[in-house]
Every structure is written in C-alpha cells, then in structure tokens.
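Enquirer: here's a sequence, model it:
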Amino acid sequence: MKKINTLCIIDDDNIFTLVAKKIVTLVGFCENTMLLKNGREALEFFKDINAKGDAFPEIIFLDLNMPLMGGFEFLKELEKLEGAKNTKVFIFTSSIDPADQNRAKEFSVVERFVEKPLTVDKLKLISEIIS
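Expert: Next up is the predicted model:
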C-alpha cells in the first residue's frame, strides 16, 4: 500500500473520523492525519497554508453534509487555491443520490465518490488509485 505524508479528513461526524483515523493508522496509510469539522474551518485552514506557500495534504476525505459550509461549497472554494491543484479529494458520504455523484464530477480535484463507511478494502482501493 502506498503511504502518503498527510491525509485531511473533513467531517462533522465524530464516529466516522475516529474510525477513519484508526483504519488509516492500522494499515499505515499516512504519516499525519488532520481532522477538520466543516468546510468553513477547512477553507480557512487551506487559505492560510496557500498564502504561506505550505504543502497541501495529498489526500482529503470530504463529507458533503456539514454545518456552516457543506462539501460542495468547500470544493468550489478549494479549486480557486493554487496549492490545491495536486490534492486528490475522495468524497465520503452516506448520500446515495445520483445528483450528488454527478455534481461531484464537476470538480477537478475530486478523484472518487465513496459511500460511507471507510473500510480497509476501500482504503486499499484508494491506495491503488493514487499509486
């Protein structure tokens, strides 16, 4: 499995983030895991690192339905940041709405739409995709 430096999980569901962090740690997927609670918090973080010229995480696991700023609103703003061009976003959601899946295709940073929950098998597939 390919190991990345930094994974960012943007999700307001504490159970999802706890389980996801345990799984990525268990399989050695990444060196660092960042947890952000919503799109607004994440956008402020990414604007800050973009302004500083710091490296963006290689991978983002993004929820769609969050308070303050949802996933699609966040993606719209993320794509405006120069530093995000090499970041791959995997949308993790409980939504099975085909409209959400089609809308996700509008964003160049979105690599894949993945139904929750995260499992070891899904993480292996993600590792293959980014290799």
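Enquirer: all strands for this protein, in order.
Expert: For the chain, the strands defined by DSSP state E cover 4-10, 30-36, 59-62, 88-93, 110-115.
Enquirer: which neighbouring elements make contact with the shortest one?
Expert: Spelled out, it's strand 59-62. For strand 59-62, the packing partners by 3 or more C-beta pairs under 8 Å, 6 or more residues apart in numbering; DSSP states H and E come out as strand 4-10, helix 71-78, strand 88-93. Yep, even glycine has a C-beta here, placed from its N, CA and C like the rest.
Enquirer: contact partners for Pro67?
Expert: Asp12, Asn38 (C-beta atoms under 8 Å, 6 or more residues apart in numbering).
Enquirer: what values do phi and psi take at it?
Expert: The phi/psi pair for Pro67 (degrees, to the nearest 10) reads phi -70, psi 160.
Enquirer: looking at the closest residue in space to Asp54 that isn't next to it in sequence now. What's its pLDDT?
Expert: Sequence neighbours aside, Gly83 is the residue nearest to Asp54 in space, at 7.5 Å (criterion: C-beta to C-beta, 6 or more residues apart in numbering). Here the pLDDT value assigned to Gly83 is 94.
Enquirer: cool, and Thr93?
Expert: At Thr93, the model reports a pLDDT of 89.
Enquirer: can you check the one 3 residues further on too?
Expert: At Ile96 the predicted local confidence, pLDDT, stands at 82.
Enquirer: for it, what are its contacts?
Expert: Neighbours of Ile96 in contact, by C-beta under 8 Å, 6+ apart: Glu115.
Enquirer: please report how far the residue nearest to Asp54 lies from Ile129.
Expert: Distance of Gly83 to Ile129, computed by C-beta to C-beta, to the nearest Å: 21 Å.
Enquirer: for those two, indicate the residue with more neighbours.
Expert: The neighbour comparison of Gly83 against Ile129 (other C-beta atoms under 10 Å) goes to Gly83, with 17 against 13.
Enquirer: show me the residues around the more buried one that make contact.
Expert: Contacts for Gly83 were tallied using C-beta under 8 Å, 6+ apart; they are Phe46, Ile49, Asn50, Gly53, Asp54, Ala55, Phe56.
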